[in-house]
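Enquirer: prediction below, plus the sequence it came from.
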2 protein chains.
Amino acid sequence: MTTPTELYETHSDLLDQAIRAASARDYWSAFPESPSKSVYGDEAAPEGERAFRALLGKPFPIEVPGADGTVSTERSPYGVELGVSYPKADPLAVIAAARAATPAWRAVGPQGRAGVAVEIIKRINARSFEMAHAVQHTTGQAFVMAFQAGGPHAQDRALEAVAVALAASTRIPVTSEWAKPQRGGDPLRLAKTSTAVGRGVGLVIGCTTFPTWNSYPGLFASLVTGNPVIVKPHPGAVLPLAITVQICREVLSEAGLSPDLVTLAVEEPGDGIAATLATHPDVRIVDFTGSSEFGNWLEANARQAVVYTEKSGLNTVIVDSTADYKGLLRNLAFSLSLYSGQMCTTPQNILVPQGGIETDAGHRSVEKFGADLSAALDKLLGDPARAAGTLGAIVNDGVLARLTEAGGAASVIHPSAEVADEQHPGATIRTPVVVRLDAADDKAYTREWFGPVSFVIATESTPHSLQIFTETVRAHGALTAMVHSTSPDVLAAAREAALDAGVHLAENLTGGVFVNQTAAFSDLHGSGANPAATASLSDDYFVSGRFFTVQSRHHVPAAETTDA
Amino acid sequence: MTTPTELYETHSDLLDQAIRAASARDYWSAFPESPSKSVYGDEAAPEGERAFRALLGKPFPIEVPGADGTVSTERSPYGVELGVSYPKADPLAVIAAARAATPAWRAVGPQGRAGVAVEIIKRINARSFEMAHAVQHTTGQAFVMAFQAGGPHAQDRALEAVAVALAASTRIPVTSEWAKPQRGGDPLRLAKTSTAVGRGVGLVIGCTTFPTWNSYPGLFASLVTGNPVIVKPHPGAVLPLAITVQICREVLSEAGLSPDLVTLAVEEPGDGIAATLATHPDVRIVDFTGSSEFGNWLEANARQAVVYTEKSGLNTVIVDSTADYKGLLRNLAFSLSLYSGQMCTTPQNILVPQGGIETDAGHRSVEKFGADLSAALDKLLGDPARAAGTLGAIVNDGVLARLTEAGGAASVIHPSAEVADEQHPGATIRTPVVVRLDAADDKAYTREWFGPVSFVIATESTPHSLQIFTETVRAHGALTAMVHSTSPDVLAAAREAALDAGVHLAENLTGGVFVNQTAAFSDLHGSGANPAATASLSDDYFVSGRFFTVQSRHHVPAAETTDA
């Protein structure tokens, strides 16, 4: 057995670095993003693939308190038969098990809990290749992206949440001495103790596109602040979180703690277990990533809990002018194509003044800009093998339906096409559709078209673009925004507009950084300041509602008083 | 004009000290609590009284945007005719004025806002004697308590909130540089800017017993984090907050800012302006102190806002044994009597094992304990002048009605008596009532009897007391708890029970510290972990929901890059 205190000692240097990085917000990463042999060793890739293959067609080896029967709900967007089954959860049983495990977890204290958390994350890192396959074949992400976003990037976000939670829950010192001077007498002396107490059972509701990346911050923030966590995966992407929970339980058991501090709650689609769990009186923290519909329902109905949601929005690009037109097009085409636009951060609404834009390649009308963007997409996605590596596969029929609907518009600039993947003949792969709209077509562009659907929207002018940007994001939310301009005044106005809209802004990205990517320890993801999310991954607000500080105080007996 | 930046520079030493103290949680105070001439000068007391008298019978000099007519609703529990009238607020007008003032307030930044806030607090401190009279004649607190709790203690809590808010909103650096190494090339470099953006219009709903102390933390936390604030006083205690808002507006104007960043919203009783304001889409932060009924209504209905409430609860004392019986009785009698038990922190439920308790004065049965507590109350309150100074006056008819109802019980241990105050013949002053109950009488003791009503409740044993304590506080809330025991095991069990119940615990207070008092910068007030309050005054959770951090990022042009 390795105690939580020993795990903290083992990982305290890493935790100190992570806390420093989360505070400085400069570049830092704990887990290498490259799936290369030089980093992870010669055997990691084949071993990971073997481990993944060994899971297929079988019951997944995990214990779930009170489980009743099995469930098998996943299908690979790459057409591979998965056939993994999971114990079907009984909501009351997992909640009861979580509650029973809580007092011992509180007694471990923040440092010990952080030590356990880091041990879990490091073991997840060691299984990154296995995880990459699990993510690829549930989300449809191409392998390298599945490795990075589902593995090291998610692990960095997990460690960031651990660091922020540890810093926040240790900010008030455990002990303090209070000595109030009294006129003509000894001071009044009290010894005080402060204890971080978890809010209650946490529930993490995973999504189908980024099951690990979007779930880890809530999972680890809740754990470190003293709460047990029930992990409810999306029926379409269970395996990545099942592996995660398996590792959590393994580490907790080895540390002498109840594995039921982290449990897996799998359901048949339509069972509604998320709603049952989220509204139970003992569930006091809910983390959710997914549709605005269910996110808003949770906010309205999980009234006994603090609810952190990340929902849909209207990610917006304001194009005013550029000094690097080719770079703009290349960068934007990649942002629209990466994982078929199935990222919560993919741009949807591209606002261009109807008079056109000035570029280093000369004036460009809206029509020409649309044609150039279409050509940039064709160039990026012209080679099927390379296209498949960028696009990944379409995660489900809902995305496909929106793609078809958008493709039926009269003003399609770039039609969607099928792409064949030699490696995966059963894969569903499509290039993005881009549609030309006018500012008046707000019925179309003020809803989220999750997937590879974007709009080039002609506005009256850049100030009009900024106005549409602010109004639509304030009303409907956004996780990302970008502005392209060579004018310092326009950039300044865009920054103010982004503050008004409450959305993070990227300016003039024309190189190797993309608006849909955020870096742990530096970029916040979501702001809380617009309807797309209630909090940022991961700032103090994201962690501070997960625990309370409870104090006790008593007179200092003479023997305890230090002589002055 | 003194700019916010200049105000920050003027007050930065004090802010640094306050941040240090709020972090260390040891003894610190910025504002002397003694109303003595040696501290505040010879003229402060008479000048303060003159200033107060000059306000009586007149319209209060304050501007309120869109005000319509006047309102006069206060009556002094000391029987003094007040006759101050205030502009009657139009909710939509104050909200519109607050919104219009917001962008300039955001641009000031956290430090400048904290500078403005400290200047306000210092000017409030300079008017502490005037404020003491205003608090005394609205709340019924005796003068010295009104001076301390309504003046310096409230000012310390205000400064604490400023310090915690400033620290929290500057934790993420305004600028950072991100440089991600690239294999075989220059690093990717981005310059990043982080801006604290207020959540939106704040609403502070004051209470009738501690109009300043309970309102200042929310008011100043919202201001410093970039929000305008509408202050809605209780109709029974307007003047202390009217003076406060007057000072806020004066300082804001002098700093070149819109005074409408802080407005006063006064109503006729029954106008329901608090509900109208609290549910307006632009009101995004609500701070409330008062009844559980309206607090719960706000939590359920002010869905567009983050809601911080402090409500009613069952403050509990567990009596197991003591090494200082006289001290216990003296301390407890004072806690029950101070301000006639009209503190949210006054003990109500005193749990005593039916077999009695061991003390340094020998074994005491429950009956004898009750008789001794009654005698201690009589001793404390035997002299009418001294009694009036401790008890203050009864704030309103609701308290009087509960006192009468409790006094009609069959098992009264200590009946309530009228006390005459020579200085204020019209004052309504009463001693506390104490009633003997059994554990089975939970219908009586599981509701809050706000005012001078307490119960000595016989339980089966100390473990039974702890069980009742945990169960009743988990269900109904509490702001304070105390245990008296000479047994380390009982103390340890009481600490665990307090953590389970989520309430701060005082142990064996027998001297000059009382369970109903908390010290700013050291004791948290409320925990959030039980139904009596949603947050602590003032920890990170209390401030972190009042703002968001919004980032922008752009490539670092070659000229901006520092050569290595």
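Expert: Ah, there it is. On a predicted model such as this, the values are computed, not experimentally measured, just so you know.
Enquirer: so what's residue A:193 bridging to?
Expert: residue A:175, residue A:552 (DSSP bridges).
Enquirer: does it touch residue A:551 like I think?
Expert: Yes - Residue A:193 is within contact range of residue A:551, at 6.6 Å (criterion: C-beta atoms under 8 Å). No exception for glycine: its C-beta is placed from N, CA and C like everyone else's.
Enquirer: more neighbours, these two?
Expert: Taking other C-beta atoms under 10 Å in any protein chain shown, residue A:193 and residue A:551 do not tie; residue A:551 has more neighbours (23 against 16).
Enquirer: assess the claim that the more buried one and residue A:190 are in contact.
Expert: No - with contacts defined as C-beta under 8 Å, residue A:551 does not count as touching residue A:190, sitting 10.2 Å away.
Enquirer: next one: phi and psi at the most centrally placed residue in chain A?
Expert: The centroid of chain A falls nearest to residue A:214 when counting by C-alpha atoms, centre = their mean (2.6 Å). Here is the backbone geometry of residue A:214 (degrees, to the nearest 10): phi -80, psi -20.
Enquirer: equivalent analysis for residue A:521, please.
Expert: Per-residue torsions, residue A:521: phi 70, psi 0 (degrees, to the nearest 10).
Enquirer: for it, which non-adjacent residue is closest in space?
Expert: Among residues not flanking residue A:521 along the chain, residue A:21 sits closest, at 4.3 Å (C-beta to C-beta, 6 or more residues apart in numbering or on different chains).
Enquirer: specify the local secondary structure of the one you found.
Expert: Assigned by DSSP: H, G, I helix; E, B strand; the rest coil, the conformation of residue A:21 is helix.
Enquirer: try residue A:181
Expert: strand.
Enquirer: before we move on, what about the one 5 residues further on?
Expert: Judged by three-state DSSP, the three-state class of residue A:186 is strand.
Enquirer: which residues sit in contact with residue A:385?
Expert: By C-beta atoms under 8 Å, 6 or more residues apart in numbering or on different chains, the residues touching residue A:385 are A:421, A:422.
Enquirer: any idea how far residue A:142 is from it?
Expert: 11 Å (C-beta to C-beta, to the nearest Å).
Enquirer: again, but for residue A:479
Expert: Distance, residue A:479 to residue A:142, using C-beta to C-beta: 21 Å.
Enquirer: between those two, who's got more neighbours?
Expert: A direct count of neighbours by other C-beta under 10 Å for residue A:479 and residue A:142 places residue A:479 higher, at 26 against 23.
Enquirer: thought the more buried one was touching residue A:315?
Expert: Yes - between residue A:479 and residue A:315 there is a contact under C-beta under 8 Å: 6.1 Å.
Enquirer: overlap of the contact sets of the two?
Expert: Overlap between the contact sets of residue A:479 and residue A:315, as judged by C-beta under 8 Å, 6+ apart, is given by residue A:345.
Enquirer: list the buried residues of the top helix by length along chain A.
Expert: In chain A, with assignment by DSSP state H, the single longest helix is helix A:91-126. Within helix A:91-126, the residues that count as buried by 16 or more other C-beta atoms under 10 Å in any protein chain shown are A:91, A:93-98, A:101-102, A:105-106, A:108-122, A:124-125.
Enquirer: so which of the residues you listed are also by chain B?
Expert: residue A:106 (C-beta under 8 Å from any C-beta of the partner chain).
Enquirer: could you give the number of residues near residue A:483?
Expert: Residue A:483 sits with 28 neighbouring residues when counted by other C-beta under 10 Å.
Enquirer: go on, the one 10 residues further on?
Expert: Residues within reach of residue A:493, counting by other C-beta under 10 Å, total 18.
Enquirer: SS state for it?
Expert: The three-state label given to residue A:493 by three-state DSSP is helix.
Enquirer: contact partners for it?
Expert: Residue A:493 sits next to A:463, A:466 when contact means C-beta under 8 Å, 6+ apart.
Enquirer: from chain B, how far out is it?
Expert: Going from residue A:493 to chain B by C-beta to the nearest C-beta, to the nearest Å gives 12 Å.
Enquirer: from residue A:359, how far off is that residue?
Expert: Note on residue A:493: its distance to residue A:359, by C-beta to C-beta, is 19 Å.
Enquirer: now do residue A:437
Expert: The gap separating residue A:437 from residue A:359 is 21 Å, by C-beta to C-beta.
Enquirer: repeat for residue A:137
Expert: For residue A:137, the distance to residue A:359 equals 42 Å [C-beta to C-beta].
Enquirer: comparing those two, which residue is more hemmed in?
Expert: Taking neighbours as other C-beta under 10 Å, residue A:137 and residue A:359 compare with residue A:137 leading, 28 against 22.
Enquirer: grab the nearest non-local neighbour of that one.
Expert: Going by C-beta to C-beta, 6+ apart, residue A:137 has residue A:76 as its nearest residue, at 4.0 Å.
Enquirer: for the nearest residue to residue A:464 once chain neighbours are set aside, give me its contacts.
Expert: Leaving aside its sequence neighbours, residue A:464 sits nearest to residue A:439 (C-beta to C-beta, 6+ apart; 6.8 Å). Residue A:439 makes contact with A:457, A:458, A:459, A:460, A:464, A:468 under the criterion C-beta under 8 Å, 6+ apart.
Enquirer: surely residue A:457 is within a strand?
Expert: Yes - Residue A:457: assigned to a strand according to three-state DSSP.
Enquirer: quick check: it vs residue A:316, distance?
Expert: Here residue A:457 is placed at a distance of 9 Å from residue A:316 (C-beta to C-beta).
Enquirer: so for those two, which residue has more residues nearby?
Expert: Looking at residue A:457 and residue A:316 with other C-beta under 10 Å, you find the greater number of neighbours at residue A:316, namely 30 against 27.
Enquirer: need the strands for the stretch 301-450 of chain A, in chain order.
Expert: Secondary structure of the stretch 301-450 of chain A, counting by DSSP state E, counting those that start in this stretch: strands at A:306-310, A:316-319, A:321-322, A:349-353, A:357-359, A:362-364, A:412-414, A:433-438.
Enquirer: right, and those - which one's nearest residue B:46?
Expert: Nearest of those to residue B:46, taken as C-beta to C-beta: strand A:306-310 at 50.6 Å.
Enquirer: please export the C-alpha coordinates of that closest one as CSV.
Expert: C-alpha atoms of strand A:306-310 as CSV (Å, rounded to 0.1, in the frame of the first residue of the first chain):
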residue,chain,number,x,y,z
VAL,A,306,-23.7,23.6,-8.2
VAL,A,307,-23.8,23.0,-11.9
TYR,A,308,-20.9,23.6,-14.3
THR,A,309,-21.9,23.3,-17.9
GLU,A,310,-20.3,23.7,-21.3
